[in-house]
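In: Build the 3D model from these lines:
(chains A and B)
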Amino acid sequence: MTLSRRIIPCLDTDGARVVKGVNFVGLRDAGDPAELAARYNAEGADELVVLDIAASRDRRSTFLETIRKVAAELAIPLTSGGGIRTLEEARAVVLAGADKVTVNTAAINDPDLLSRLAEEFGSQAVVLAIDAKRDGENWKVYVRGGRDATGLDAIEWAKEGVSHGAGEILLTSMDRDGTLSGFDTALTAAIAAAVRVPVIASGGAKTPQHFFDVFTVGQADAALAASIFHDGVQSIRSLKEFLSSRAVEVRLPC
Amino acid sequence: MIVTLVDYGAGNLASVERALERLGSTSRRAQSPEQIERAGALLLPGVGHFAALIRSLDERGLREPLCAAIRRGVPFLGICLGLQALYESSEEAADVKGLNIFAGSVRELPADVKLPHMGWNQVKKVRDSIALRGVPDDAYFYFAHSYAAAGTDPRAVATSCHGVPFAAAVERENVWAVQFHPEKSAATGAIVLQNFLNFAQ
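Out: Residues are numbered from 1 along each chain as shown, chains lettered A, B, ... in the order given. Sure thing, here's the model as predicted:
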């Protein structure tokens, strides 16, 4: 009896539709969020993440409606976020049907936001999203899809975020995101060793071997990917069968 | 049978409502003592902090009607923190009195494992149970918690393990509670909710 490693499809949306593109460039339509959610729920995804990558204020109500539609399709946990700055915005996302909320930039500007969220919803519902890029021997934290440097060290920020109440870390390698060249296992292992909370690895997934590597070498608790699932390049079931055959504990749905 | 959801003002009740809806059942949120007193079946979902849950039950005057309903045999299902609330106390808030339906205390999971215990873990049946009827042994359920009742708890009907064995499901007559989230545990979770609906009929 052990905790299984989680496979998490991610829906990046413009508020209403799933979009894809590298670092916000050349976005194109990749489908209806509710339809994809229903498909992943049936295929054995362990959780689902839905992000509003546009995060523009005037489209917030559209995104909340998207969360409601997605949540209606799911019998698995839902994490949602994108541009959340306040407790009220997080509450709206939870009331729309999300079980967990991700915060990124706002937590850097105001780490105490994590504490307020944890107090309101419990740490298990607070996911700190960290976008990290290699800088010599270390990794630095970036915001706005990797465009703006914060100067923060990724490991130190992860520890600080957890001390403020984050119950999970969604760690994206900006070096690997969109490259399909595999997760950054060194980055993932460094963060996983530094904090007590679970770490979701993101960025660079293509092959089942990439997932195997991030769960073994990278010590990730969960792994997230988007386009390889949307495009049908990789089915969740065959990915889990691959991992299971190599002694990685996964939940194989009946 | 309409299931009454104890609404103490936090948490994602909607996911429980949707899960019950999928099974063709209706539920109603209860925020007042009167609504709890009238309930034919009670469900206490719980997320967050032990003290926050207990305090908000107390602030709303729900503790007494809830305990009274449980004691007179109204079918009850506690989920996650809704299981922990049934005990005398929790290490999460040592000065806060739990509902004291079950003797004993809820403890933090050990220091050498990742916390929260988050994700899908296997559940092993240890006693005959109505709540888990039809659930295959070693089935996966979704957990998200850092505290738990002991695996040796006399009411435990199933255990799971994260550092130490802990109670994944407890059952005593009309009082059922699960540490996992059946409403987020796909088809396997639906079996447990359906068992509760059948029991509550």
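In: Tell me which residue in the stretch 151-254 of chain A sits closest to chain B.
Out: Proximity to chain B, evaluated over the stretch 151-254 of chain A using Cβ to the nearest Cβ, is greatest for residue A:251 at 4.3 Å. Yep, even glycine has a C-beta here, placed from its N, CA and C like the rest.
In: ok, the closest residue to chain A within chain B - how many residues close by?
Out: Residue nearest to chain A within chain B: residue B:48 (3.5 Å; Cβ to the nearest Cβ). Residues lying near residue B:48 (other Cβ atoms under 10 Å in any protein chain shown) number 21.
In: Now name the helix or strand holding it.
Out: Per DSSP states H and E: residue B:48 is located in neither a helix nor a strand.
In: Over to the closest residue to it other than its chain neighbours: give its phi and psi.
Out: Spatial nearest neighbour of residue B:48, excluding adjacent residues (Cβ to Cβ, 6 or more residues apart in numbering or on different chains): residue A:122 at 3.5 Å. Dihedral pair for residue A:122: phi 90, psi 150, per degrees, to the nearest 10.
In: Would you map the strands across the chain?
Out: Chain wasn't specified; assuming chain A. Per DSSP state E, chain A carries strands over the ranges A:6-13, A:18-22, A:25-31, A:48-52, A:78-81, A:100-103, A:126-135, A:138-143, A:148-153, A:168-173, A:199-202, A:222-225.
In: wait, chain B
Out: Under DSSP E, chain B gives strands at B:3-6, B:27-30, B:42-46, B:76-80, B:87-90, B:102-108, B:117-125, B:139-145, B:147-148, B:156-162, B:164-172, B:175-178.
In: What lies in contact with the last one?
Out: When you say that, I think you mean strand B:175-178. Contact partners of strand B:175-178, identified using Cβ atoms under 8 Å, 6 or more residues apart in numbering or on different chains, comprise B:70, B:75-80, B:82-83, B:86, B:101-102, B:130-131, B:141, B:155, B:168-171, B:192, B:196, B:199.
In: Now with 6 Å, please.
Out: Applying Cβ atoms under 6 Å, 6 or more residues apart in numbering or on different chains, the external contacts of strand B:175-178 come out as B:70, B:76, B:77, B:78, B:79, B:83, B:86, B:131, B:169, B:170.
In: residues of stretch A:47-60 that come out buried?
Out: Within stretch A:47-60, the residues scored as buried using 16 or more other Cβ atoms under 10 Å in any protein chain shown are A:47, A:48, A:49, A:50, A:51, A:52, A:53, A:54, A:55, A:59, A:60.
In: Widest-spaced pair of the residues you listed?
Out: A:47 and A:59 (24.2 Å; Cβ to Cβ).
In: Can you tell me how far the residue of chain B positioned farthest from its centre is from residue A:196?
Out: Farthest-out residue of chain B from its mean C-alpha position, per Cα atoms, centre = their mean: residue B:112, at 25.4 Å. Applying Cβ to Cβ, to the nearest Å, the value for residue B:112 to residue A:196 is 10 Å.
In: cool, and residue B:174?
Out: From residue B:174 to residue A:196 the distance is 38 Å (Cβ to Cβ).
In: Those two: who's more crowded?
Out: Comparing residue B:174 with residue A:196 by neighbour count (other Cβ under 10 Å), the higher total belongs to residue B:174, at 18 against 15.
In: mind checking the backbone torsions on that one?
Out: Taking degrees, to the nearest 10 as the convention, residue B:174 sits at phi -80, psi 0.
In: which ones are touching it?
Out: B:73, B:75, B:76 are the contacts of residue B:174 under Cβ under 6 Å, 6+ apart.
In: before we move on, back to that, which of the contacts of strand B:175-178 are close to chain A?
Out: Counting by Cβ under 6 Å from any Cβ of the partner chain, nothing from the contacts of strand B:175-178 sits close to chain A.
In: Dump these to TSV, plus neighbour count and pLDDT.
Out: Listed next are the contacts of strand B:175-178 as TSV, based on neighbours: other Cβ atoms under 10 Å in any protein chain shown; pLDDT from 0 to 100:
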residue	neighbour count	pLDDT
B:70	20	98
B:76	25	98
B:77	29	98
B:78	25	98
B:79	26	97
B:83	28	98
B:86	25	98
B:131	21	98
B:169	27	98
B:170	25	98
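In: Would you mind listing the two of those residues that lie farthest apart?
Out: Farthest apart among the contacts of strand B:175-178 by Cβ to Cβ are B:70 and B:169. That separation is 16.7 Å.
In: Flag whichever of the buried residues of stretch A:47-60 scores worst on pLDDT.
Out: Least confident entry in the buried residues of stretch A:47-60, by pLDDT: residue A:55, with 74.
In: Just the pLDDT for the closest residue to that residue other than its chain neighbours.
Out: Using Cβ to Cβ, 6+ apart and skipping residues adjacent in sequence, the residue nearest residue A:55 is residue A:83, 2.6 Å away. On pLDDT, residue A:83 comes in at 89.
In: Am I right that residue A:83 is in contact with residue A:54?
Out: No: using Cβ atoms under 6 Å, residue A:83 is not in contact with residue A:54, being 8.0 Å away.
In: Perfect, that will be all.
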